[in-house]
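Visitor: here you go, sequence then predicted model.
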Amino acid sequence: MIRSMTAFARKDVQDGHGTLTCEIRTVNHRYLEPSFRVPEALRELENPFREELRKQLKRGKVDVSIRLQSAEASAPGFEINEDIAKAVNEAANHINRMLDNPAHINALDILRWPGVLSVPEQDYSPVREAALKLFKDTVEELSVVRAREGERLRPLFEDRLTHMSALVATVREGMPGLLKAQEEQLRERFQKAKVELDPERVAQEMVMLAQKSDVAEELDRLDAHISEVTDTLKRDEAIGRRLDFLMQELNREANTLSSKSIDACVTRAAVDLKVLIEQVREQVQNIE
C-alpha cells in the first residue's frame with residue numbers, strides 16, 4: 001500500500017475538566033522523528049505517545065500538539081493557610097511596635113509569604129486517560145489520511161511505469177535495425193575512402209561496434225527494475241526507501257543506455273526515461 005508522509009489530523013473531546021484538542025501534522029523525513037507540545041499536566045504521557053506512533057507510523061517528521069482548555073467549573077481555586085497568615089501579621093505588628101517609623105503591612109505582603117497561599121493539587125488521572133485515547137484515535141485517523149493521500153499517487157506511478165516499459169520495448173525492437181544501418185554506413189565509409197572491402201576487417205569492425213553499442217543487459221535490467229517497482233507498490237508495508245533505491249538503479253541504467261547510444265532515437269528514449277524516472281522519484285520522496 002502506498003502511504004504518503006504528508007498528512008494532518010485533528011480531534012477533540014470534552015470532559016469535566018474542559019476540552020482536549022489533539023492535532024498531528026506529518027511531513028516527509030528519512031526516519032520517524034516526533035516532537036510534542038503538551039500541557040505540563042500531560043508531560044508524563046510523551047513516552048506512551050511515542051510508542052503509539054511507532055505502532056502506526058514508520059517514517060516522517062511528526063509534530064504533535066495537545067491543548068487543554070479548562071472548564072470554568074474546574075478552574076483551580078486558592079487555599080489560604082490562615083494560621084500562617086495570622087502568625088505573619090502578628091510578627092509584623094510586633095516588629096512595628098519596636099520601630100520608630102513602622103511600615104504598614106498589607107494583604108498582598110502577607111499573601112506573598114511562603115506557605116500562606118497555595119493552589120490545591122488537581123487529580124489529572126481522568127484527563128490523562130482521555131488524552132491517551134484521544135491521541136490514539138487521532139493517530140489512527142492520520143494513518144487513514146496518509147493511506148488515502150498515498151493511493152492517489154498510484155495512477156501517476158502506473159502511468160509512468162507503463163511509459164517506461166514502452167520506451168524499453170521500442171529500443172529493444174529497434175536495435176537489430178540500428179545495427180544493420182550502422183553496418184551499411186560502415187561499408188559506405190570504406191567505399192568512399194576507396195578502401196578494399198576486406199570481409200574479415202568488416203566483421204571485426206562490426207564486432208567492435210556491436211560490443212560498444214550492446215545495451216541488451218541495460219534493457220533487461222530496466223525491465224527487471226520496472227517489474228520490481230510494480231511489485232513493491234502492492235506491498236502492505238513501508239515502501240518508500242525501497243522505491244527510492246529502485247529509482248536510483250533505474251536512473252543508472254538510463255544513463256548507461258544514453259552513453260552507449262548509437263542513434264538519436266536511442267538517445268531520445270534514454271532522455272525520456274530519465275524524465276519519467278525523475279517524475280516518479282520526486283513523488284517517492286514523500287512515500288513512507
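Guide: Noted; the coordinates are in hand. These figures come from a predicted structure and were not determined experimentally. Numbers count the residues shown, from 1 in each chain.
Visitor: please name the nearest non-neighbouring residue to Val266.
Guide: Val171 (5.7 Å; CB to CB, 6 or more residues apart in numbering). For every residue, glycine as well, the C-beta is placed using N, CA and C.
Visitor: surely the one you found and Leu257 touch.
Guide: Yes - between Val171 and Leu257 there is a contact at 7.3 Å, judged by CB atoms under 8 Å.
Visitor: any stretches of the stretch 1-150 of the chain with poor pLDDT?
Guide: Residues of the stretch 1-150 of the chain that meet the criterion pLDDT under 70 lie in 16-17, 71-77, 118-123.
Visitor: let me see the ranges of the strands in it.
Guide: Using DSSP state E, counting those that start in this stretch, the strands of the stretch 1-150 of the chain run over 7-15, 18-27, 32-37, 60-70, 79-80, 117-118.
Visitor: for Phe157, find the nearest of those strands.
Guide: Phe157 sits nearest to strand 7-15 of all the strands of the stretch 1-150 of the chain, at 18.5 Å, using CB to CB.
Visitor: what touches both of Val171 and Leu257?
Guide: Common contact partners of Val171 and Leu257 (CB atoms under 8 Å, 6 or more residues apart in numbering): 215, 219, 266, 269.
Visitor: which residues of the chain fall in helices?
Guide: Assigned helices in the chain, in chain order: 46-56, 82-98, 107-111, 125-151, 154-192, 199-213, 216-232, 240-259, 264-284 (criterion: DSSP state H).
Visitor: can you list these in TSV and add distance to Val38?
Guide: Formatted as TSV, these follow (distance: least, CB to CB, whole Å):
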stretch	distance to Val38
helix 46-56	7
helix 82-98	34
helix 107-111	31
helix 125-151	8
helix 154-192	36
helix 199-213	63
helix 216-232	37
helix 240-259	28
helix 264-284	33
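Visitor: identify whichever of these lies nearest to Ser35.
Guide: Closest among the helices of the chain, using CB to CB: helix 46-56, at 10.0 Å.
Visitor: for the closest one, name the packing helices and strands.
Guide: For helix 46-56, the packing partners by 3 or more CB pairs under 8 Å, 6 or more residues apart in numbering; DSSP states H and E come out as strand 32-37, helix 125-151.
Visitor: point out the most buried one among these.
Guide: Most buried of these by mean neighbour count (mean count of other CB atoms under 10 Å) is helix 125-151; its value is a mean of 17.
Visitor: packing partners of that one?
Guide: Going by 3+ CB pairs under 8 Å, 6+ apart, helix 125-151 lies up against strand 7-15, strand 18-27, helix 46-56, strand 60-70.
Visitor: same list (the ones you listed) but as JSON lines, adding mean neighbour count.
Guide: What follows is the helices and strands packed on helix 125-151, written out as JSON lines (neighbours: other CB atoms under 10 Å):
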{"stretch": "strand 7-15", "mean neighbour count": "16"}
{"stretch": "strand 18-27", "mean neighbour count": "19"}
{"stretch": "helix 46-56", "mean neighbour count": "14"}
{"stretch": "strand 60-70", "mean neighbour count": "18"}
